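Novice: Got a sequence here, can you model it:
(chains A and B)
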2 protein chains.
Amino acid sequence: MSSDSKPPTKYGVVLFPGFQSLDVFGPCDLLATHSRFNTLSIAMISSTMDPVPTNLLPTDGCGQLVVPTHTFDNAPDDIEVLIVPGGPGTRDDEAIAPAMVYVKRIYPKLRYLLTVCTGSALVAKTGLLDGKRATTNKKSFKWATCQGLEVNWVLEARWVTDGNIWTSSGISAGIDMTLAFMAAVYGEDAAQSVADHSEYRRHTDAGDDPFAQFAGA
Amino acid sequence: MSSDSKPPTKYGVVLFPGFQSLDVFGPCDLLATHSRFNTLSIAMISSTMDPVPTNLLPTDGCGQLVVPTHTFDNAPDDIEVLIVPGGPGTRDDEAIAPAMVYVKRIYPKLRYLLTVCTGSALVAKTGLLDGKRATTNKKSFKWATCQGLEVNWVLEARWVTDGNIWTSSGISAGIDMTLAFMAAVYGEDAAQSVADHSEYRRHTDAGDDPFAQFAGA
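Specialist: Sure, this is the predicted structure:
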């Protein structure tokens, strides 16, 4: 937990074409539930104000479009917690280049950086994870870990913390990591209350990871 | 499972102001993962083509905006599976009136109707659940069940099926229900593959509901 006395209230979420929707809306939904009792803000940040597709190919009829609230150039400069999702877009250098530049630039001002799924691969490519412990999506473990050869990748982990950086395993692991983060900054009762409202059975052991077996699959 | 031989591929999701984001993006993310191997389409349907807010109050800085692909007037008429989310908007008659009219009109053409959380309260108000078994959000159980006095509400259930209508309990229960639905229509292996890709530990017992204790809280 940060040495700052007040828990964080100002969140930002990085959006890029081909982001994984549950990586974003798992955490965002939990934060919205917490916000019903303790006001939070979430800035949705992308290259432009154009709606951002979850799919990389417009011909894919299974995607959704989410509207940003800010661009990387005009995002609030007092964001305390930045969330970086994963998804197929993290394998497209052009899709994530502006997000990488933003994350690298803003990190020194953040209190916490959280990644879900292959969001850690995006951050690893910036060099910010060099020498740190981190985890990532297990079905994409081989590819993701090659995006940061100086990172101490942890195979068997639901999520990993190193300093002020929290990285989760694939997709739904972001829900457990966010609840653990909320427990750390808002207290265990607040996190459990959000989980109960969400009717979600938490996995509270960061090292319990049945999906590690799929690494390299 | 429907008597139709081909499993469904055409989905629609109803959006209204104040929908719960995880109610939508839990199921949509699972469907998108399945769609990487077996093409599906998802129409995002609302009153107008304006982006739809997850929050009812524009002053709430914690909401997101999702862009519809169709309106209730021009939605594809071959949708096979319609998903109705819950959320704070279901308590606002004005917010959900167009969605109620659409659901009531389109239901006879559907193969399946799925609701998440208080989405079942919205559908109950149309009368479509009269005489049927259904469940809903547990923290909102008292309010939700009063929206359909002729519904056979099931308190202790992660999800309930009655004919071609599937209703889930609150928020994250939509993930388990969707995986159960996928197992029913695409087969158990397909559902487990999606859960593994999503790194999600399924709850496969529809009657196992630790959150029933919160009903009326």
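Novice: Name all residues that make contact with the residue nearest in space to the middle of chain A.
Specialist: Centroid-nearest residue in chain A: residue A:115, 2.9 Å away (criterion: Cα atoms, centre = their mean). By Cβ atoms under 8 Å, 6 or more residues apart in numbering or on different chains, residue A:115 lies in contact with A:83-86, A:122-123, A:134, A:136, A:165-168. Bear in mind the C-beta positions are built from the backbone N, C-alpha and C, glycine included.
Novice: Please tabulate these in TSV, including the columns distance to chain B.
Specialist: Below are these laid out as TSV (distance: Cβ to the nearest Cβ, whole Å):
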residue	distance to chain B
A:83	12
A:84	16
A:85	11
A:86	11
A:122	18
A:123	19
A:134	16
A:136	11
A:165	20
A:166	16
A:167	13
A:168	9
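Novice: Among these, name the ones in strands.
Specialist: Taking DSSP state E, the ones among these that sit in strands are A:83-84, A:134, A:165-168.
Novice: Report the two of those separated the most.
Specialist: Farthest apart among the ones in strands among the contacts of residue A:115 by Cβ to Cβ are A:83 and A:134. That separation is 14.8 Å.
Novice: now the helices: where do they sit in chain A?
Specialist: A:21-35, A:93-106, A:119-126, A:141-145, A:173-186, A:188-197 (DSSP state H).
Novice: Just the CA atoms of stretch A:81-93, as PDB, please.
Specialist: Extracted C-alpha coordinates of stretch A:81-93, given in PDB (Å, rounded to 0.1, in the frame of the first residue of the first chain):
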ATOM      1  CA  VAL A  81      -4.300   4.100 -10.600                       C
ATOM      2  CA  LEU A  82      -3.900   3.100 -14.300                       C
ATOM      3  CA  ILE A  83      -5.300  -0.100 -15.600                       C
ATOM      4  CA  VAL A  84      -3.900  -1.700 -18.800                       C
ATOM      5  CA  PRO A  85      -6.000  -4.500 -20.300                       C
ATOM      6  CA  GLY A  86      -4.800  -7.200 -22.700                       C
ATOM      7  CA  GLY A  87      -6.400  -8.700 -25.700                       C
ATOM      8  CA  PRO A  88      -5.600  -9.500 -29.300                       C
ATOM      9  CA  GLY A  89      -4.600  -5.900 -29.900                       C
ATOM     10  CA  THR A  90      -1.500  -6.400 -27.800                       C
ATOM     11  CA  ARG A  91       0.000  -8.500 -30.600                       C
ATOM     12  CA  ASP A  92      -0.400  -5.500 -33.000                       C
ATOM     13  CA  ASP A  93       2.500  -3.100 -32.600                       C
END
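Novice: Just the mean pLDDT for that stretch, thanks.
Specialist: Mean per-residue pLDDT for stretch A:81-93: 97.
Novice: How far off centre is that stretch?
Specialist: Taking Cα atoms, centre = their mean, to the nearest Å, one finds the center of stretch A:81-93 at 8 Å from the center of the full chain.
Novice: Next, the buried residues of that stretch.
Specialist: By 16 or more other Cβ atoms under 10 Å in any protein chain shown, the buried positions in stretch A:81-93 come out as A:81-91.
Novice: Stretch A:178-188 too?
Specialist: Applying 16+ other Cβ under 10 Å to stretch A:178-188 flags A:178-186 as buried.
Novice: before we move on, what about stretch A:127-142?
Specialist: In stretch A:127-142, counting by 16+ other Cβ under 10 Å, buried: A:128-129, A:132-141.
Novice: Among the residues you listed, which one lies nearest to residue A:23?
Specialist: Using Cβ to Cβ, the buried residues of stretch A:127-142 come closest to residue A:23 at residue A:137, 9.5 Å.
Novice: Identify the residue spatially nearest to that closest one, adjacent ones excluded.
Specialist: residue A:170 (3.7 Å; Cβ to Cβ, 6 or more residues apart in numbering or on different chains).
Novice: ditto for residue A:156
Specialist: Using Cβ to Cβ, 6+ apart, the closest residue to residue A:156 is residue A:212 (4.2 Å).
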